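# Based on what follows, work out the 3D shape:
(one chain, ligands or ions: 1)
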Amino acid sequence: MNERRLQVELRHRLGALELDVDFELGERPVALIGPNGAGKSTVLKLLAGGLLPDEGRVAWQGRAWVDTRKGVALSPAARRVGYVPQGPSLFETMRVWENVAFGLRDGAGGREGKRAEALHWLDRWGAASLAERRVGALSGGEAQRVAMVRALAARPDVLLLDEPLSALDAIARRRLRARLSEAIVELKVPTIIVTHDWRDVAAMGARVVAMEEGRIVQSGDLKALGETPSSAFIAEFSGV
Ligand SMILES: Nc1ncnc2c1ncn2[C@@H]1O[C@H](COP(=O)(O)OP(=O)(O)OP(=O)(O)O)[C@@H](O)[C@H]1O
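The predicted structure follows:
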């Protein structure tokens, strides 16, 4: 089978931001980096479908999710994207396991089958003890963990993670970074992660795409970016 591929061409104006980015996502994860306000979260929103670009085309395996010239704009649900935005994204009034079960594909087991599958996923992520809690009773770090489990359990075609480890303490962050890297390899799900931490890039073996002021200024391996950084931000990020 050909490598799975998401082709991205986006132009969008939002307040002072003039976004203009073209890149491809294959099976190797992409780490989207850049200073605050560069437009990273906006790119994920445009890919997830919560926002429609002024112009552009996004195609998964050659099939357009969005094509402004042809008037194509699939709904977020039709894109089969696992999107973990910054900030709260879980259903507040539901229990944790119900959140995870929400995105599961319908199987033969009905509600009980989904509950068992949700518990299995939570257990694998060290979050079984949270299963019966209401989302409103979770800490920020616990909610981030559950949001990631929910996104992965739905077996998305593409995973979009916006600073998914930012609310975690140092030890939890290291553990979850390792777990997430394993899961991405195991599930072979093409992934874009927005991050401010080079350790996320290294753990995932991600290709870096660096954005500044709405544009891609450099891309490649972390090591290569560190050797010839095109900006002070990239130099700082890669530890030069
Ligand atoms: N709803 C909005 N209305 C107007 N302008 C917006 C809106 N959302 C974002 N912007 C503009 O787009 C810019 C980029 O925002 P975005 O959240 O994509 O940046 P980011 O690279 O993800 O930053 P951070 O690292 O701080 O999360 C912001 O600086 C702001 O000027």
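# who's in contact with the residue of the chain found nearest the ligand?
Closest contact between the chain and the ligand, by C-beta to the nearest ligand atom, is at Gly15 (2.6 Å). Every residue, glycine included, has its C-beta placed from N, CA and C. Residues near Gly15 by C-beta atoms under 8 Å, 6 or more residues apart in numbering: none.
# Strands along this protein, start to end?
Assigned by DSSP state E, the chain shows strands spanning 6-14, 17-25, 30-33, 55-60, 63-67, 72-73, 81-84, 158-162, 191-194, 207-212, 215-220.
# Need those strands in JSON lines (columns: mean pLDDT and mean neighbour count).
Converted to JSON lines, those look like this (pLDDT from 0 to 100; neighbours: other C-beta atoms under 10 Å):
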{"stretch": "strand 6-14", "mean pLDDT": "97", "mean neighbour count": "19"}
{"stretch": "strand 17-25", "mean pLDDT": "97", "mean neighbour count": "17"}
{"stretch": "strand 30-33", "mean pLDDT": "98", "mean neighbour count": "26"}
{"stretch": "strand 55-60", "mean pLDDT": "98", "mean neighbour count": "19"}
{"stretch": "strand 63-67", "mean pLDDT": "97", "mean neighbour count": "18"}
{"stretch": "strand 72-73", "mean pLDDT": "96", "mean neighbour count": "14"}
{"stretch": "strand 81-84", "mean pLDDT": "96", "mean neighbour count": "23"}
{"stretch": "strand 158-162", "mean pLDDT": "97", "mean neighbour count": "25"}
{"stretch": "strand 191-194", "mean pLDDT": "98", "mean neighbour count": "26"}
{"stretch": "strand 207-212", "mean pLDDT": "98", "mean neighbour count": "22"}
{"stretch": "strand 215-220", "mean pLDDT": "97", "mean neighbour count": "16"}
